[in-house]
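Trainee: Just a sequence and a predicted model for now, questions to come.
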Amino acid sequence: MKALRTLSVTSELPAELEGLRTLAYNLRWTWNAETRDLFEALDPRAYEESNRNPVVQLGMVPARRYSEVAADPKFRSALEDCLADLDTYMTSERWFQKEVPAAPAIAYFSMEFGITPTLPIYSGGLGILAGDHLKSASDLGVDLIGVGLLYQWGYFSQSLNREGWQQENYKQNVTEDLAVVPVTDADGDQVCVNVTFPGERIITIALWKAQVGRISLLLLDTNVEGNDEGARQITDRLYGGDHFHRIEQEIVLGIGGVRAVERFAELEGRRERDVFHLNEGHAGFLGLERIGQLMGKGLSFDAALTKTRAGSVFTTHTPVPAGIDRFDAGQLRHFLDADGNGISRLVPNLPVEAALALGVEDGGQIFNMAHMGFRLSQRSNGVAKLHGETSRRMFKDLYPGFDEAEVPITSITNGVHRRTWISRPMDALYKSVFGDIDLSARSDWSQLGTLSDKALLDVRNTLRANLVERAREDVRRSWVRRGAHPGELGWVDSVLDPNVLTIGFARRVSTYKRLTLMLSQPERLREILLNEERPVQIVVAGKAHPADYPGKEFMQRLVQFADDHGVRHRIVFLADYDIRMAQYLVSGSDVWLNNPIRPEEASGTSGMKVALNGGLTFSTSDGWWDEMATDDAGWTIETVDIEDRAERDRLEAESLYNILENRIVPLFYDRDESGVPAKWLQMVRNSLVEIAPKVTATRMVRDYVEQLYAPASQSVALFANDEGLSHEFAEYKQRLAQGWGGVSVRDVEDSVNGDVLAVSASVELGEIHADDVQVQLVVGSANEDGELEDPITVAMTQGVDGRYAAEHPLETLGSVGYTVRAVPSHRVLAHTAELGLVHVAQ
Ligand SMILES: *Cc1c(COP(=O)(O)O)cnc(C)c1O
């Protein structure tokens, strides 16, 4: 029967339950299980139907149910407990307040933030990392404000067609359903900032705020009344559209973002930000805005750049050149130089060509956002040790004359937010040894080594069983979408087995991650899966970028293999990988397989989530695993570093199969008479003790604070305490630029007295003052080509004869080499190679 009319019924939250709204709008519930329990208890059906989105749920709970819980003392006291706990969390002194003197104030810019599926403004790893950064900054009490974009469309959800080809479905974000509120001024009006595009087109940007524990995340939105249709579409979707569109988005994020964060800090009475963190090159335009603002106060471009650099931190996330934003320089000039007179309208006071010079390459045609990131930021890093090395190699041309090792790009290894990624049964085990304490500032987890075999085994079995159950639901759902009739899906009830060794593999499907490496010998894989005594099961998930045709083909190959009736109970592909699915996969998998081509995985984080839950890593020596790999706590697939890709894949797959057949499977099934795999569980304990504490995002954020944010803040303070410093340094740079050609190192002499090397040299400085340079002895063992390996630098001092001299003890035998060089020296410099100037003795 058709309804005569339809009405939309929403219910009002009674005043005495107003606290529920407070809880719903602070995303701390995403990592606080008690608060989630409360929402579930409020109304389990509404909780599920809202897709576990408390903001939506509150409008779905019937008035009758509200009256019931309002009169229920147990519910009321649970509500009070959650509120009191949140209040303590928000106001107590934490690591940052206790341990960090002269605390920096940070603004953290990112194109995506993955905090919860109920706030769909992320696509994958980068976003989830940014979300975990905010959550951990919150746990540690760091003074940080996040800045991102509020997209009108979420990233796609994935389904498959009958042939196993990826289908993409997009869903519109409805602001009322998201845990975001408008940022308002004293009159209660939503605060907006704007940017001016060519043709006097003023783009209004509305400010929203998501509360992530103690951290405010500002979200920028151009879909506002008054903007023309094109402008409203700027924040339409993440990574959608062409380069032109991307530039528009990045301008809104970077330039609009700086304006937004200033307005916000002012409204909230917060400190002005001194450190700006560019999470990937997308945020680079923020530096141009800061330079423009300083020039507005009378600084020269060079002085403004110097000051901006002091407070900027840049993190690069990809070792694959194709992953870096490179734009047509002409398109950028279009935005920056609307009037064609060389001074920007978009960023008032900014000289356009000087700004473009920060990023142009290839004879000026291409603008590279990563290059600009490095040039705008005095401190920069890759996201794992190996990735730091790779980045120093990739970008060494920006620092000519220096060895790779001196390229000023450090590394801070990624981490994951423990409370988001740990399963409840595993968390209970942590509590059983540590008590209910905050682990965010603790790096010694050796007490986890005292967990008994039985306790660990019980939890691991529970988690695997939970994975099996959830995976069956997902397989069923996927087949219904693929057009199967529920009646023909009886077989799904016996897919996977809660007692079988379970291998997880879930990540974005891109070529270098090699989803199909495990299929390189299909028959061998079948035998491994179907072994009668010691079977293996594999759970696979992942989305391919909509434009990645080869990626989709890999996926289809895997899906078609898994569709085969002979193996479909032992290998499944789960459609629509997302945070919620990741949570049960990373906790239920015994082994996490990761086989990217070294060194193309910058870090990877999913394996870290597994380690926290007592799963073991099975990986190529890439990303985070390269620096943590140990045979006590995981398995490392051999790297065969040869040119021929097909042959390399074949050989590395061979290593994968061998390790699986000969080491992993036998160890898992090596049980005593009561079914305990004691050696396996010892590896689990090793992993929990040695690896887990190093892969937390609180460790990562502490590293950022100590190694990058605090030093950046101190650099900024240098300028605050010395009005003329930026000007002085700009002059210094100019002096070097003019006079550097006249510097030379000559007449180098050495002698060895006992085991001490003494070196002296005369240095011609030309126009440059002796205080402007440091003369260094660089000494180390020399290889066959005469290259110095891991050399040490020793400052040389000028004697009365005008010659520079230094001594160095010779501690190692064999071939030792040295050279003498002159490099810039100034208290503003954080790194020797920063200016790319050096004179080495010829
Ligand atoms: C952790 C996570 C990622 C990133 O995993 P990688 O190992 O870095 O590829 C991507 N997507 C989701 C949903 C995740 O939870």
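Mentor: Now that the structure is in, tell me what you want to look at. Residues are numbered from 1 along each chain as shown.
Trainee: Which parts of the stretch 1-150 of the chain are strands?
Mentor: For the stretch 1-150 of the chain, strands defined by DSSP state E, counting those that start in this stretch occupy the ranges 106-109, 144-149.
Trainee: Include mean neighbour count when you put those strands into a markdown table, please.
Mentor: (Glycine included, C-beta is placed from N, CA and C.) Below are the strands of the stretch 1-150 of the chain laid out as a markdown table (neighbours: other CB atoms under 10 Å):
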| stretch | mean neighbour count |
| --- | --- |
| strand 106-109 | 26 |
| strand 144-149 | 28 |
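Trainee: Quick one: closest of the ones you listed to S494.
Mentor: Closest of the strands of the stretch 1-150 of the chain to S494 is strand 144-149, at 44.0 Å (criterion: CB to CB).
Trainee: quick one: is the very next helix or strand once past that closest one near the ligand?
Mentor: Using DSSP states H and E, the helix or strand that follows strand 144-149 towards the C-terminus is strand 157-160. No - if you take CB under 6 Å from any ligand atom as the test, strand 157-160 misses the ligand, and the best it gets is 11.3 Å.
Trainee: what does the stretch 451-600 of the chain put close to the ligand?
Mentor: Applying the criterion CB under 6 Å from any ligand atom, the portion of the stretch 451-600 of the chain that neighbours the ligand consists of 507-508, 577-579, 582.
Trainee: Tell me where the longest strand sits in the chain.
Mentor: If you go by DSSP state E, the chain has its longest strand at strand 201-212.
Trainee: what angle do that one and strand 144-149 make?
Mentor: Angle, strand 201-212 to strand 144-149, by axes from the mean of the first three to the mean of the last three CA atoms, to 10 degrees: 130 degrees.
Trainee: name the helices or strands packed onto strand 201-212?
Mentor: Under the contact criterion of 3 or more CB pairs under 8 Å, 6 or more residues apart in numbering; DSSP states H and E, the helices and strands touching strand 201-212 comprise helix 125-140, strand 181-182, strand 192-197, strand 215-221, helix 229-232, helix 257-268.
Trainee: Show the average pLDDT along the second one.
Mentor: If I follow you right, that is strand 181-182. Per-residue pLDDT values across strand 181-182 average out to 97.
Trainee: which residue is nearest the middle of the chain?
Mentor: Taking CA atoms, centre = their mean as the criterion, L129 is the residue nearest the geometric centre of the chain, at 3.4 Å.
Trainee: list the contacts for it?
Mentor: With contacts defined as CB atoms under 8 Å, 6 or more residues apart in numbering, the neighbours of L129 are 114, 279, 383, 414, 605, 697.
Trainee: circling back to that earlier point, closest to the ligand out of the strands of the stretch 1-150 of the chain?
Mentor: Between the ligand and the strands of the stretch 1-150 of the chain, the shortest separation by CB to the nearest ligand atom is 17.0 Å, and it involves strand 144-149.
Trainee: and that closest one, what other elements does it pack with?
Mentor: In terms of contacts (3+ CB pairs under 8 Å, 6+ apart), strand 144-149 is packed against strand 106-109, helix 125-140, strand 215-221, helix 257-268.
Trainee: next one: the second one to chain centre, how far?
Mentor: What that stands for is helix 125-140. Between the centre of helix 125-140 and the centre of its host chain there is 8 Å, according to CA atoms, centre = their mean, to the nearest Å.
Trainee: just the third one next, same as before
Mentor: Average the C-alpha atoms of strand 215-221, do the same for its chain, and the two points are 17 Å apart (CA atoms, centre = their mean).
Trainee: quick one: strands adjacent to it?
Mentor: Sheet pairing for strand 215-221, assigned by DSSP bridges, gives strand 144-149 (parallel), strand 201-212 (antiparallel).
Trainee: What distance do you get for the residue in the stretch 151-300 of the chain that the ligand sits nearest to to M555?
Mentor: Closest contact between the stretch 151-300 of the chain and the ligand, by CB to the nearest ligand atom, is at Y155 (10.2 Å). Noted for Y155: a distance of 16 Å to M555, by CB to CB, to the nearest Å.
Trainee: these two touch, right, A710 and A102?
Mentor: Yes - taking contacts as CB atoms under 8 Å, A710 lies within contact range of A102: 7.2 Å.
Trainee: which one of those two has more residues nearby?
Mentor: A direct count of neighbours by other CB atoms under 10 Å for A710 and A102 places A710 higher, at 17 against 9.
Trainee: Pretty sure the more buried one sits in a helix.
Mentor: Yes - the assignment for A710 by DSSP: H, G, I helix; E, B strand; the rest coil puts it in a helix.
Trainee: how about it, what does it touch?
Mentor: Counting by CB under 8 Å, 6+ apart, A710 touches 100, 102-104.
Trainee: again, but for W740
Mentor: For W740, the residues meeting the contact criterion (CB under 8 Å, 6+ apart) are 768, 837, 839.
Trainee: got those residues as CSV, with pLDDT, distance to the ligand and secondary structure columns?
Mentor: Formatted as CSV, the contacts of W740 follow (pLDDT from 0 to 100; distance: CB to the nearest ligand atom, whole Å; DSSP: H, G, I helix; E, B strand; the rest coil):
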residue, pLDDT, distance to the ligand, secondary structure
I768, 92, 47, coil
L837, 94, 38, coil
H839, 94, 43, strand
